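Trainee: Give me coordinates for this.
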Amino acid sequence: MKLVINTRGTYLSKFGECFRIKADDKTSDISASKVEQIIITTSVALSTDALELAVENNIDVVFLKANGSPFGRVWHSKMGSISTIRRKQLKLQEHPLGVKLVIEWLTQKMENQIKFISKLASNRRDERRDSAKDAVNRIATEKIKILTFSKNRFINEIRGSIQGHEGIVGRVYFGALKELIPKQYEFSGRSKNPAKDYFNCMLNYGYGIMYSNVERACILAGLDPYIGILHVDNYNRTAFTFDLVEMYRIYIDQIVFKLCSQKKVKETHFDDVEGGYYLNKEGKQLLLGAYNEEMEKKIKYKGRKIELQNIIQFDCHNIANRILKEVD
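Mentor: Predicted coordinates:
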């Protein structure tokens, strides 16, 4: 289970082999053996004993900003696998496998978007259905263009072109969602830090959670989250995480769109800040509850029945194995 702490002033400590949580004059104990991740979203006090218990049990402790993006984590000092993976990962900038992986990830992202918009369009009986079909065709066209890039080239030769196609798809995709979402949640486009509307506010927070989970999966598989392929290296930037997360954004899109379609997203879930909105405690609870419920569902994925929350780890181990086998 994921232990989410979003009550301001909570105290997290150790009690035997349990985490003791004190909040609002209430105390509860949770066995460390049942916890796989601790997510802290607000001002919290915690003991070093609690952190030691987390490290000893291989539990990831993640700290999130108000917009949902992770700003720090506590993790044991050992990498998840042999250093050979990370040495070979550095070579992907000048190896055909780097381009091959990027093309696979981006085309998977676009296929996810096509399926999602097509599903939403099938439930419409007005002009929005034709508009959505047009968006699907435009995304499919950009997907084909990306697939035509030679997989024997290096990423530095085609980075700008690929990112150009990706940018076009992003505008088309969110333009389609804008037309399909209930009127009260309409938005003008993607906005970040802070979001200018409720829909983007929910997306930003959800993406932040997803970034954290992708980074964790990289570490466990022995991949370095900072050695990117499409996203260039930058100081303190988890470039490889930004590369990989593109395949999994769709899960957040679907969760947030569903919450809006069911009219569960309320004005009271947000705090006004200068220039936009941030999720408050109630809003975080709504989104995290829906996220955890969705991640526990099992689907058929690459020949096996697997929970959504385990797909990222499954993929990261496969990527690490490919890097070991294919990079000289």
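Trainee: Adjacent strands (with direction) for the lowest-mean-pLDDT helix or strand in the chain?
Mentor: Least confident helix or strand, the chain: strand 70-74 with a mean of 83, by mean pLDDT, DSSP states H and E. Strand pairing for strand 70-74, using DSSP bridges, gives strand 60-64 (antiparallel).
Trainee: now the partner strand: how far from the chain's centre is it?
Mentor: From the chain centre to the centre of strand 60-64 is a distance of 14 Å (C-alpha atoms, centre = their mean, to the nearest Å).
Trainee: about what we covered before: please identify the buried residues of the helix or strand just after the least confident helix or strand of the chain?
Mentor: Next helix or strand after strand 70-74 toward the C-terminus (DSSP states H and E): helix 83-89. Residues of helix 83-89 classed as buried under the neighbour-count rule (16 or more other C-beta atoms under 10 Å) are Ile85, Arg86, Lys88, Gln89. To be clear about C-beta, it is placed using only N, CA and C from the backbone, and glycine gets the same treatment.
Trainee: Which residue comes closest to the third one once chain neighbours are left out?
Mentor: With C-beta to C-beta, 6 or more residues apart in numbering as the criterion, Lys88 has its nearest non-adjacent residue at 4.0 Å, and that residue is Val327.
Trainee: List phi and psi for that neighbour.
Mentor: Note on Val327: its backbone torsions stand at phi -90, psi 120 [degrees, to the nearest 10].
Trainee: Poorly predicted segments of the stretch 51-200 of the chain, please.
Mentor: For the stretch 51-200 of the chain, the stretches with pLDDT under 70 are 77-82.
Trainee: coming back round to it: list the contacts of the residue nearest to Lys88.
Mentor: Lys88, Gln89, Lys91, Leu92, His95, Leu97 (C-beta atoms under 8 Å, 6 or more residues apart in numbering).
Trainee: I'd like to know which of the residues you listed is nearest to Gly167.
Mentor: Nearest to Gly167 among the contacts of Val327, counting by C-beta to C-beta, is Leu92 at 22.4 Å.
Trainee: wait, isn't that closest one in contact with Val102?
Mentor: No: contact status for Leu92 versus Val102: not in contact, 9.0 Å apart, counting by C-beta atoms under 8 Å.
Trainee: hey, what's in contact with both of those two?
Mentor: Here Leu92 and Val102 have Ile155, Ile229 as joint contacts, going by C-beta under 8 Å, 6+ apart.
Trainee: Tell me how this structure divides into domains.
Mentor: 2-64, 83-326 (automatic domain parsing).
Trainee: Quick one: distance of the shortest one to the chain centre.
Mentor: It stands for domain 2-64. Chain-centre distance of domain 2-64: 22 Å, with C-alpha atoms, centre = their mean.
Trainee: do stretch 147-155 as well
Mentor: With C-alpha atoms, centre = their mean, you get 26 Å for stretch 147-155.
Trainee: What distance do you get for Asn137 to Lys119?
Mentor: Look at Asn137 and Lys119: by C-beta to C-beta, to the nearest Å, they are 16 Å apart.
Trainee: what does Tyr207 give?
Mentor: Tyr207 is 21 Å from Lys119, by C-beta to C-beta.
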